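Q: Just need the structure, nothing else, for what follows:
(2 chains)
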Amino acid sequence: QKEVEQNSGPLSVPEGAIASLNCTYSDRGSQSFFWYRQYSGKSPELIMSIYSNGDKEDGRFTAQLNKASQYVSLLIRDSQPSDSATYLCAVNTFGSSASKIIFGSGTRLSIRP
Amino acid sequence: EAQVTQNPRYLITVTGKKLTVTCSQNMNHEYMSWYRQDPGLGLRQIYYSMNVEVTDKGDVPEGYKVSRKEKRNFPLILESPSPNQTSLYFCASSLSPGLALQNEQFFGPGTRLTVL
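A: Numbers count the residues shown, from 1 in each chain, chains lettered A, B, ... in the order given. The predicted structure follows:
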């Protein structure tokens, strides 16, 4: 089982609709969760971070965390063509002396006009 | 401007010719890391550094070396590159590697390496 799992997609969503991206993780000790957006050939760009159960909203983006289910999601409202990208879920686990960030392999999102 | 820089951005080389990819950050971050990204495999960590003179292996360290002599710099060294090291490489940094919850990583622009 991969430590951080995402559906690779592509996920196709009509412009103006809500895009829902999901991520599950295996380490119950994980404490920090991040969503990155990556355009083809470019570096990942942080768009959301979440640390406690529940929802966190930032503009058109909402991150949702459920630690009991080991599940984190990203909702994008009013999807725009510029949202077409690969979205990476990242999970930070803290060990006794070091932290480790593990990335999922990403979900490719395509917003169709 | 707060940023992570990498050089070179593009490099084509031949098998066995030693090369170094530089990484520098101006945010006074303690933690720095190198990743490679390959199609279908996502981001895989090569090496990371918790602070000056403290480095450790990530998930795919074979064939790579790093050093951290100064806080701002974290070069990646390929002593004898091979074609399977052809990849897109990213350097990243974050404020603190420790118990802080807020540990977002900031990425450099990437280095596309081709080994013939």
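Q: Give the full set of residues in contact with the residue in chain A that chain B sits nearest to.
A: Closest approach between chain A and chain B, counting by C-beta to the nearest C-beta: A:Ser105, at 3.5 Å. (Glycine included, C-beta is placed from N, CA and C.) Contacts were defined as C-beta atoms under 8 Å, 6 or more residues apart in numbering or on different chains; by that measure A:Ser105 touches A:Lys2, A:Gln6, A:Ser8, A:Leu88, B:Gly40, B:Leu41, B:Gly42.
Q: How is the closest residue to the fifth one other than its chain neighbours assigned, secondary-structure-wise?
A: Residue nearest to B:Gly40 in three dimensions, not counting chain neighbours: A:Ser105, with 6.9 Å by C-beta to C-beta, 6 or more residues apart in numbering or on different chains. What DSSP: H, G, I helix; E, B strand; the rest coil gives for A:Ser105 is coil.
Q: which secondary structure elements does the lowest-mean-pLDDT helix or strand in chain A contact?
A: Ranking every helix and strand in chain A by mean pLDDT, DSSP states H and E puts strand A:99-103 at the bottom, with a mean of 80. The contact analysis (3 or more C-beta pairs under 8 Å, 6 or more residues apart in numbering or on different chains; DSSP states H and E) places strand A:99-103 against strand A:85-94, strand B:31-38, strand B:42-51.
Q: Next SSE downstream of that strand?
A: Downstream of strand A:99-103, the next assigned helix or strand under DSSP states H and E is strand A:107-112.
Q: Which secondary structure elements does that following strand sit against?
A: Strand A:107-112 packs on strand A:11-14, strand A:19-25, strand A:85-94, going by 3+ C-beta pairs under 8 Å, 6+ apart.
Q: circling back to that earlier point, who wins on neighbours among the contacts of A:Ser105?
A: Using other C-beta atoms under 10 Å in any protein chain shown as the neighbour criterion, A:Leu88 leads these with 26 neighbours.
Q: On the strand side of things, show who that residue bridges to.
A: A:Tyr36 (DSSP bridges).
Q: pretty sure it is touching A:Gly106, no?
A: Yes - shown here, A:Leu88 and A:Gly106 form a contact pair, counting by C-beta atoms under 8 Å, at 4.7 Å.
Q: if I look at these two, which residues touch both of them?
A: A:Gln6, A:Gln38, B:Gly42.
Q: Look up how far B:Gly110 lies from the second one.
A: Spelled out, it's A:Gln38. Using C-beta to C-beta, to the nearest Å, A:Gln38 is found at 10 Å from B:Gly110.
Q: Equivalent analysis for the last one, please.
A: Using C-beta to C-beta, one obtains 14 Å as the distance from B:Gly42 to B:Gly110.
Q: ditto for A:Gln6
A: Counting by C-beta to C-beta, the gap from A:Gln6 to B:Gly110 is 21 Å.
Q: for the residue of chain B found nearest chain A, what are its contacts?
A: Closest approach between chain B and chain A, counting by C-beta to the nearest C-beta: B:Gly42, at 3.5 Å. Contacts were defined as C-beta under 8 Å, 6+ apart; by that measure B:Gly42 touches A:Leu88, A:Phe103, A:Gly104, A:Ser105, A:Gly106.
Q: Quick check: beta-bridge partners of A:Thr107?
A: The partner residues for A:Thr107, given DSSP bridges, come to A:Tyr87.
Q: Could you report the neighbour count for it?
A: 22.
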